[in-house]
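# got a predicted structure plus its sequence, pasted below:
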Amino acid sequence: MSKIIDGKTVAAKVLDECSQEIETLKNRGITPGLAVVLVGDDPASKVYVGSKVRKCAELGLHSRKIELPADASQEEVLAVVEELNEDAAIHGILVQSPPPPHIDEEAIVRAIDPAKDVDGFHPENVAKLALEDASGFVPCTPAGCMRLLKEAGVETSGAQAVVIGRSMIVGKPMALLLMSKEGNATVTVAHSRTKDLAEVSRRADIIVAAIGRPEFVTADMVKDGATVIDVGINRVEDASAKRGYRLVGDVAYDEVAPKCAAITPVPGGVGPMTIAMLIANTVKAARQSVS
Ligand SMILES: NC(=O)C1=CN([C@@H]2O[C@H](COP(=O)(O)OP(=O)(O)OC[C@H]3O[C@@H](n4cnc5c(N)ncnc54)[C@H](OP(=O)(O)O)[C@@H]3O)[C@@H](O)[C@H]2O)C=CC1
Ligand SMILES: Nc1nc(=O)c2c([nH]1)NC[C@@H]1CN(c3ccc(C(=O)N[C@@H](CCC(=O)O)C(=O)O)cc3)C=[N+]21
């Protein structure tokens with residue numbers, strides 16, 4: 001029987017740690033503040049942005065939600081980022097990804113003050129992650145995956161880890177964390193050009209799936225007793241579901257779970273951790289702004 005790693009419980013623990021630090025900062029006259037910028041009206045993005053802002057309110061954080069129309073220009077988005085860089089009440093800035101295609105996302109990310117880059121996407125923070133300099137911001141989703149492994153008691157040191165996906169948001173930073181002096185795993189990164197992926201992934205003690213394809217990882221790709229972290233969030237149409245769709249991960253949960261030592265569900269796995277780590281990064285940004 002596999003152990004289900006409950007992301008909601010671990011996220012609640014992370015947020016509980018945050019609330020103690022928020023209290024301490026508030027006693028010093030600092031309320032951590034997060035700004036979330038959304039360009040366009042992608043429905044999934046709206047859901048995520050809404051839950052980030054709601055979580056801030058729950059924890060007594062200051063937050064701002066800046067919504068720009070889908071046809072906003074590059075200059076308009078940059079102007080918003082520059083204003084937020086100057087706003088002393090804002091310690092964290094997040095520009096929801098992906099922006100509409102006419103927006104140069106990399107240029108936007110570079111414009112964010114690295115000290116407020118709570119997504120950890122700015123080149124300065126990417127470099128700090130690679131250098132294992134703890135003063136930087138680690139991208140929220142892979143940081144959340146590491147915390148889930150730790151809380152579930154999964155030993156990463158010496159383990160064979162296979163990360164499927166090499167995006168700058170998930171796959172690449174995940175690989176860096178697993179291979180770091182903290183993770184000490186032997187890491188393989190697979191992607192769309194990987195030959196015989198099933199053979200590669202079957203070697204893994206730990207699989208992190210960040211592909212963006214519903215139920216892509218099937219039972220034949222997983223070794224008995226492996227741990228599987230499913231980062232995927234895919235909406236699939238389902239007329240019988242309340243909203244007309246349901247969420248499925250990148251892992252075929254029903255057939256993979258029985259083979260695993262431990263597995264994260266979707267929803268309720270990595271997703272809640274991403275939000276918790278975003279709050280943790282915002283608190284860290286606020287703390288570092290005064291020390
Ligand atoms: N739970 C959470 O908090 C979050 C969830 N997500 C979800 O995670 C998933 C991945 O997100 P993200 O990293 O941004 O996605 P991207 O589309 O940026 O990257 C997907 C990666 O998967 C690889 N890939 C695609 N098809 C295959 C294939 N057939 N075989 C092997 N590799 C393949 C791609 O390879 P190549 O580089 O060669 O194209 C790429 O590296 C999505 O479902 C997303 O919704 C994302 C962020 C946060
Ligand atoms: N600049 C930027 N930073 C991000 O961190 C970022 C982004 N852009 N773009 C999109 C992805 C995706 N992402 C998620 C966050 C929370 C859940 C989450 O809370 N999921 C819930 C379910 C939510 C639902 O019901 O839809 C769960 O898995 O249980 C999912 C996905 C952050 N991302």
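Done, it's in. Ligands and ions are numbered 1, 2, ... in the order given.

# residues from the stretch 151-291 of the chain in reach of ligand 2?
Proximity of the stretch 151-291 of the chain to ligand 2 (C-beta under 6 Å from any ligand atom) is limited to residues Ile233, Leu247, Val266, Pro267, Gly268, Gly271, Pro272, Thr274, Ile275. For glycine as for every other residue, the C-beta is placed from the backbone atoms N, C-alpha and C.

# which among those residues end up buried?
Ile233, Leu247, Val266, Gly268, Gly271, Pro272, Thr274, Ile275 (16 or more other C-beta atoms under 10 Å).

# restricted to helices, list the residues of the stretch 151-291 of the chain next to ligand 2.
Gly271, Pro272, Thr274, Ile275 (DSSP state H).

# for the stretch 1-150 of the chain, which segments count as strands?
3-4, 33-39, 62-68, 92-95 (DSSP state E, counting those that start in this stretch).

# and the closest residue to ligand 2 within the stretch 1-150 of the chain, backbone torsions?
Nearest residue of the stretch 1-150 of the chain to ligand 2: Ser97, at 3.5 Å (C-beta to the nearest ligand atom). Backbone torsions for Ser97, taken as degrees, to the nearest 10, come to phi -110, psi 140.

# doesn't Glu106 make contact with it?
No. Applying C-beta atoms under 8 Å as the test, Ser97 and Glu106 come out as separate, 10.9 Å apart.

# which one's more surrounded, these two?
Ranked by neighbour count (other C-beta atoms under 10 Å), Ser97 and Glu106 place Ser97 first, with 16 against 11.

# poorly predicted segments of this structure, please.
1 (pLDDT under 70).

# spell out which parts of it neighbour ligand 1.
Close to ligand 1, as judged by C-beta under 6 Å from any ligand atom, the chain has residues 141, 164-167, 169-171, 190-194, 197, 210-213, 231-234, 250, 270-271, 274.

# Leu61 touches Leu34, doesn't it?
Yes. Using C-beta under 8 Å, Leu61 is in contact with Leu34, at 6.1 Å.

# need the overlap of contacts for these two.
Ile279, Thr282 (C-beta atoms under 8 Å, 6 or more residues apart in numbering).

# what about the two, which has more around it?
Leu34 (27 against 24).

# partner residues bridging that one?
Ser63, Gly92 (DSSP bridges).

# I'd guessed it sits against Ile90; true?
Yes. The pair Leu34 and Ile90 passes the contact test of C-beta under 8 Å, sitting 7.2 Å apart.

# what residues are shared contacts of the two?
Common neighbours of Leu34 and Ile90 (C-beta under 8 Å, 6+ apart) are His62, Arg64.

# ranges for the strands of the stretch 151-291 of the chain?
160-164, 186-190, 206-209, 227-230, 234-237, 245-248, 262-263.

# would you turn the ones you listed into JSON lines with distance to Arg28?
What follows is these, written out as JSON lines (distance: least, C-beta to C-beta, whole Å):
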{"stretch": "strand 160-164", "distance to Arg28": "39"}
{"stretch": "strand 186-190", "distance to Arg28": "40"}
{"stretch": "strand 206-209", "distance to Arg28": "38"}
{"stretch": "strand 227-230", "distance to Arg28": "36"}
{"stretch": "strand 234-237", "distance to Arg28": "42"}
{"stretch": "strand 245-248", "distance to Arg28": "40"}
{"stretch": "strand 262-263", "distance to Arg28": "40"}
